[in-house]
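Q: Sequence unavailable; structure follows:
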């Protein structure tokens, strides 16, 4: 408008000139985007002054963040971001300087050591379990009962009937009283396990069998199992021995000078066989 126009009026001399505030300029004065101000002279340049100014700025930032919680707008968003970033920076610094181990790490148990490869220990060989010895019956002692057991075991191994077992035990009761006897006539018989001695010619063992009659060697006849096997083998050769009396069957094998002596042992022999079978 031309200055000579009627409507033109010059502005009063004392009236302040209004300036339009640029939003970008306003943002530079808020939060972390504040533009640096020119250095001022005064107490702010001294040490205490700087501390006071810094404290005031920090307080102002905290107040601005609190005041802007419920408001909206770009400026308030920038303020919240600045406050959150500062809080995060403070928290990171606190964690960096603390340098403490998390409680969960200290609560973890130490790892278990790996099992060492140790060679397997070899078990010692087990001792063979001795068979249970039979309990003596019919007035016999343990040695006699053990010998009767040997006679019965051989008879069962040879599939002999029970009557043959009674005949064999009755015969051994009469001949040696169920003891494994050596012979005073045969000194070599004492070189083998024995339970006494006799003097009836060269008769040895449980059945008093004679080596000179072909029953076997002295060493063989001094073994109760061999002597019993030889007796059963001879009994099998007797025709109809199953129908004979105990005395007759024993005498047919032994050919004893006292054939009737075997009969008195039949009852005890039957008791012993019944306890062992």
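A: The structure has been received and is ready for your questions. Everything numeric here is computed off the predicted structure, so don't read it as measured data.

Q: Now stretch 155-169: average pLDDT?
A: Mean per-residue pLDDT for stretch 155-169: 97.

Q: can you list contacts of that stretch?
A: Identification of contacts with stretch 155-169 by C-beta atoms under 8 Å, 6 or more residues apart in numbering yields 148, 151-152, 178, 228-229, 231-232, 235-236, 241-242, 246, 249-250, 265-266, 269-270, 272-273, 277. In short, each C-beta sits where N, CA and C put it, glycine included.

Q: Restricted to helices, list those.
A: 148, 151-152, 228-229, 231-232, 235-236, 246, 249-250, 266, 269-270, 272-273 (DSSP state H).

Q: Could you list the low-pLDDT ranges of the stretch 51-200 of the chain?
A: Filtered on pLDDT under 70, the stretch 51-200 of the chain yields the residue ranges 51-111, 113-121, 130.

Q: and the residue lying closest to residue 273 once chain neighbours are set aside, how many residues sit next to it?
A: Counting by C-beta to C-beta, 6 or more residues apart in numbering, residue 165 is the residue found nearest to residue 273 once chain neighbours are left out, at 4.8 Å. Using other C-beta atoms under 10 Å, residue 165 is surrounded by 26 other residues.

Q: Helix or strand next in line after the helix or strand where residue 165 lies, which one?
A: Using DSSP states H and E, residue 165 sits in helix 162-176. Proceeding N to C from helix 162-176, the next assigned helix or strand is strand 182-183, under DSSP H and E.

Q: Who are the packing partners of that next one?
A: In terms of contacts (3 or more C-beta pairs under 8 Å, 6 or more residues apart in numbering; DSSP states H and E), strand 182-183 is packed against strand 197-198.

Q: Show me what the strand it packs on is in contact with.
A: 176, 181, 182, 183, 184, 189, 190, 204, 208.

Q: Just the buried residues out of those, in PyMOL syntax.
A: Selection of buried members from the contacts of strand 197-198 for PyMOL, criterion 16 or more other C-beta atoms under 10 Å:
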select buried, resi 176+181+182+183+189+204+208
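
Q: nearest to residue 122, of the contacts of strand 197-198?
A: Nearest to residue 122 out of the contacts of strand 197-198 is residue 190 (C-beta to C-beta; 43.0 Å).

Q: which ones are touching that closest one?
A: 182, 197.

Q: For the closest residue to residue 244 other than its chain neighbours, what is the enclosing helix or strand?
A: The spatially closest residue to residue 244, leaving aside those adjacent along the chain, is residue 252, at 7.0 Å (C-beta to C-beta, 6+ apart). Here residue 252 is covered by helix 246-254, with elements defined by DSSP H and E.

Q: and that helix, what does it pack onto?
A: helix 162-176, helix 224-236, helix 266-276.

Q: Name the stretch among the ones you listed that sits most buried.
A: helix 162-176 (a mean of 25; mean count of other C-beta atoms under 10 Å).

Q: Next one: residue 179 relative to residue 194, how far apart?
A: 8 Å (C-beta to C-beta, to the nearest Å).

Q: meant to ask about residue 180
A: Distance from residue 180 to residue 194, by C-beta to C-beta: 6 Å.

Q: the more surrounded of these two?
A: Using other C-beta under 10 Å, the more surrounded residue of residue 180 and residue 194 is residue 180, with 23 against 16.

Q: mind listing what the more buried one touches?
A: So residue 180 contacts 147, 193, 194, 195, 196, 205, 206, 222, 224 (C-beta under 8 Å, 6+ apart).

Q: 10 Å instead?
A: Counting by C-beta atoms under 10 Å, 6 or more residues apart in numbering, residue 180 touches 143, 146-147, 150, 172, 192-196, 204-206, 221-224, 227.

Q: Same question for residue 232.
A: By C-beta under 10 Å, 6+ apart, the contact list for residue 232 reads 151, 154, 155, 157, 158, 159, 160, 164, 165, 167, 168, 253.

Q: My guess is the second one contacts residue 225. True?
A: Yes. If you go by C-beta atoms under 10 Å, residue 154 and residue 225 touch, sitting 5.5 Å apart.
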